[in-house]
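A.B. asks: Show me the folded form of this:
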Amino acid sequence: MTSPPNESLESGDHNAPVFTIAAHGGLLARTGGPVDGLAGLSVRFGRRRGLGGAIDCIVVPSRAEQLRVVEAAPTAAIDWRIGVGGSGVVALGLFAGVHLHHFAQTGGARQTRVGASAGATARVGWLGRRGALLFAGLRAGWSGGRWVHAYDGEVTWRRSDLVLGFELGAGWDIALRRGGRR
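C.D. replies: Alright, predicted model coming up:
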């Protein structure tokens, strides 16, 4: 007798459940504010192609005269991966969470402010047969709080509540085995 086929990414099962870990970097622009670099990490559970849920966090450091700002946005997300050709994928998602705005003025105030964050992502990528993932995407949304910082009576840094980001990333889909088979 032969054993049943193993439903894994290696056998081409695009609907297999997967656990994905990915890192991404890019740029985040704010209406009326600076364009800064971003770094992020996400963990996703769902179908290789289909519905999935994720926890994602981006960190965006920024500077101005006599000011250091670090913003973080931990969010929960849902997405839908749509297959395009053999290895291509488009992922459309919605996210919501908090926006942490931490700032430190030289010789002055230090504070962390909290606002809500919500938006959408659109990513295009390549999924390798053994789980490799490469992607590029856009992130757009609303991030509560119009924060403004001044030095010597002049505005040196501001961020509106509308943001747009571009990101490049890489990750790995790890197939979850069904029924304890190896």
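
A.B. asks: What are the buried residues along the helix or strand harbouring residue 75?
C.D. replies: Residue 75 belongs to strand 67-84 when elements are defined using DSSP states H and E. Of the residues in strand 67-84, those with enough neighbours to count as buried (16 or more other C-beta atoms under 10 Å) are 67, 69, 71-75, 77, 79, 81. Placement of C-beta: from N, CA and C, glycine included.

A.B. asks: and of these, the nearest to residue 39?
C.D. replies: Out of these, the one with the shortest distance to residue 39 is residue 72. That distance is 10.2 Å, counting by C-beta to C-beta.

A.B. asks: which residues does residue 63 contact?
C.D. replies: The neighbourhood of residue 63, defined by C-beta atoms under 8 Å, 6 or more residues apart in numbering, consists of residue 69.

A.B. asks: one step back: tell me which strands the strand holding residue 75 pairs with, and in which orientation.
C.D. replies: The sheet places strand 67-84 alongside strand 51-64 (antiparallel), strand 88-105 (antiparallel), with pairing taken from DSSP bridges.

A.B. asks: can I get those strands in a markdown table with distance to residue 171 and mean pLDDT?
C.D. replies: Compiled in a markdown table, these are given as follows (distance: least, C-beta to C-beta, whole Å; pLDDT from 0 to 100):
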| stretch | distance to residue 171 | mean pLDDT |
| --- | --- | --- |
| strand 51-64 | 11 | 95 |
| strand 88-105 | 11 | 95 |
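
A.B. asks: could those go into TSV alongside distance to residue 166?
C.D. replies: Supplementary listing: the strands paired with strand 67-84 in TSV, determined by distance: least, C-beta to C-beta, whole Å:
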stretch	distance to residue 166
strand 51-64	12
strand 88-105	15
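
A.B. asks: in the chain, which spans are strands?
C.D. replies: Residue ranges of the strands in the chain, as given by DSSP state E, are 17-30, 35-47, 51-64, 67-84, 88-105, 110-127, 132-143, 147-151, 154-159, 162-175.

A.B. asks: which residues pair with the most centrally placed residue in the chain across the strands?
C.D. replies: For the chain, the residue whose C-alpha lies nearest the mean C-alpha position (C-alpha atoms, centre = their mean) is residue 56; its distance is 5.0 Å. Residue 56 has these beta-bridge partners by DSSP bridges: residue 42, residue 75.

A.B. asks: give the contact list for it.
C.D. replies: Counting by C-beta under 8 Å, 6+ apart, residue 56 has contacts 40-43, 74-77, 95.

A.B. asks: Check the gap between it and residue 126 for me.
C.D. replies: 20 Å (C-beta to C-beta, to the nearest Å).
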